[in-house]
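S.K.: how would this look folded up:
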Amino acid sequence: IDPFYRPQRSGKRMCCLSEDRAQRVEFINFLKDLYARASEVLQRWRQGDFSVPFPPGLYPPSFPKLVEPLAAW
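M.R.: Coordinates of the predicted model:
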């Protein structure tokens, strides 16, 4: 494998593969809605409101470190 190889083609990456345009559009809209809900939950978490769970199917971000544990002497 050549580490300096760069492919010649470029373009938009597809998040789904489907020949049916209606299904593809429906799935992309579903993903956009899911990401928007996750963003809203993250904003609430950053404000300290942890009562809303993260949407299923997505990995929640790690909580910020408030303190660094000290090593045992």
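S.K.: could you point out where this protein is predicted with low confidence?
M.R.: Along the chain, the parts satisfying pLDDT under 70 run over 64, 71-73.
S.K.: Swap in 90 and give it another go.
M.R.: Filtered on pLDDT under 90, the chain yields the residue ranges 1-19, 46, 48-50, 61-73.
S.K.: Contact partners for P55?
M.R.: The contact partners of P55, by C-beta atoms under 8 Å, 6 or more residues apart in numbering, come to L34, R37, A38, V41. The C-beta positions use only the backbone N, C-alpha and C, and glycine is treated the same way.
S.K.: Only whichever of these are buried, select them in ChimeraX.
M.R.: Filtering the contacts of P55 down to the buried ones (16 or more other C-beta atoms under 10 Å) takes a single ChimeraX command:
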select :38,41
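S.K.: All the strands of this protein, residue numbers only.
M.R.: Along the chain, counting by DSSP state E, no stretch forms strands.
S.K.: coming back round to it: just the contacts of P55 now: which is nearest A22?
M.R.: Of all the contacts of P55, L34 has the smallest distance to A22: 18.7 Å, by C-beta to C-beta.
S.K.: Wait, the closest one touches F54, no?
M.R.: No - at 10.7 Å, L34 does not count as touching F54 under the criterion of C-beta atoms under 8 Å.
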